[in-house]
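# Take a look and give me a structure for this.
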Amino acid sequence: MRKILIVNESQVVRTLLRRYLLSELNDVFIFEADSSNAAIRCLYKEEYEAVVCANQMQDFDGPEIQAKAHRTPLNKNTPFIIITSSDKSEVVGDLVKRGVEHYLISPFTPEQLGAKLNSLCNPRQLRAHTRVCIPGTTAAIKLGGTEVTAKVVNISPNGILCDMYWPREVSQLFDKQAIEVVFPAEYGGVALEGVQCKFLRLSALTYNDKLGLASVRAVWQFIDLPKKSKKTLGTIFEQTQREFDALSIN
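Next up, the predicted model:
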């Protein structure tokens, strides 16, 4: 899953950009910063695949935020898309002169933003290294006093995609959740236990006779992965990579 940071002082614009990204891309976790200083704090704490940043900001503008990000250990190579409302040659020229390689002039379409992002962080390349599909992997999703068994479609260090039967209110998925992931016997039958998660979104797979939800595909973000679970997941990824390499050689 790709982690994208949106930096803009306007809540309306941040919401619009979020909607644009989610309408075009199904493999992104979106984070927001409402000021330049908040953005810089995020960039020192977390690594992102890309940053969508306003040009004009208080305290530090877009190119300054990019320059500061590229001096951090985590985001020294993270691409920035700078959003500007001016198509004047002197404005664009100033951005390029200050090291901005990628920009969009508003207004633009969701397709343009999605295409620009895909050109900067190739989702296929990311999936080969950070997202795996292991047949037979299951998840027990605990919502309050309810436990639901789900089929794991794929899993990454940042989150999990599951298919499950859910004929209930979608709002219940926003309750505090813990997930236990059990891998199949060929992976030692190991499990990730008590992983705290945040529900992000779902898509309907089937409906019941009353046109209500029956089965869904849902995405959760890992909030805090315990050290033991991180080690287990790392071992799983190493094994799947070895298997992938063996298939490539053959």
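# residues making contact with stretch 109-121?
With contact meaning C-beta atoms under 8 Å, 6 or more residues apart in numbering, stretch 109-121 is reached by 2, 4, 17, 19-21, 23-25, 49-50, 52, 79, 81, 102, 104. In short, each C-beta sits where N, CA and C put it, glycine included.
# Please list only the buried members of those.
Neighbour-count burial (16 or more other C-beta atoms under 10 Å) is assigned, among those, to 2, 4, 17, 20-21, 24-25, 49-50, 52, 79, 81, 102.
# out of these, who's nearest residue 191?
Nearest to residue 191 out of the buried ones among the contacts of stretch 109-121 is residue 2 (C-beta to C-beta; 26.4 Å).
# how far away is the closest one from residue 50?
7 Å (C-beta to C-beta, to the nearest Å).
# With just CA atoms, put whichever strand in the chain runs longest into CSV.
Across the chain, the longest stretch assigned as strand under DSSP state E is strand 191-207. C-alpha atoms of strand 191-207 as CSV (Å, rounded to 0.1, in the frame of the first residue of the first chain):
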residue,chain,number,x,y,z
ALA,A,191,-0.1,-15.7,13.5
LEU,A,192,-0.1,-11.9,14.0
GLU,A,193,-2.0,-11.4,17.3
GLY,A,194,-3.9,-8.5,18.7
VAL,A,195,-2.9,-6.0,15.9
GLN,A,196,-4.7,-2.7,16.4
CYS,A,197,-6.2,-1.4,13.2
LYS,A,198,-8.1,1.5,11.6
PHE,A,199,-10.8,0.8,9.1
LEU,A,200,-10.2,2.8,5.9
ARG,A,201,-12.8,1.8,3.2
LEU,A,202,-14.8,-1.0,1.7
SER,A,203,-16.4,-2.1,-1.6
ALA,A,204,-19.4,-4.3,-1.9
LEU,A,205,-19.0,-7.7,-3.4
THR,A,206,-22.5,-9.1,-3.1
TYR,A,207,-25.9,-8.0,-1.8
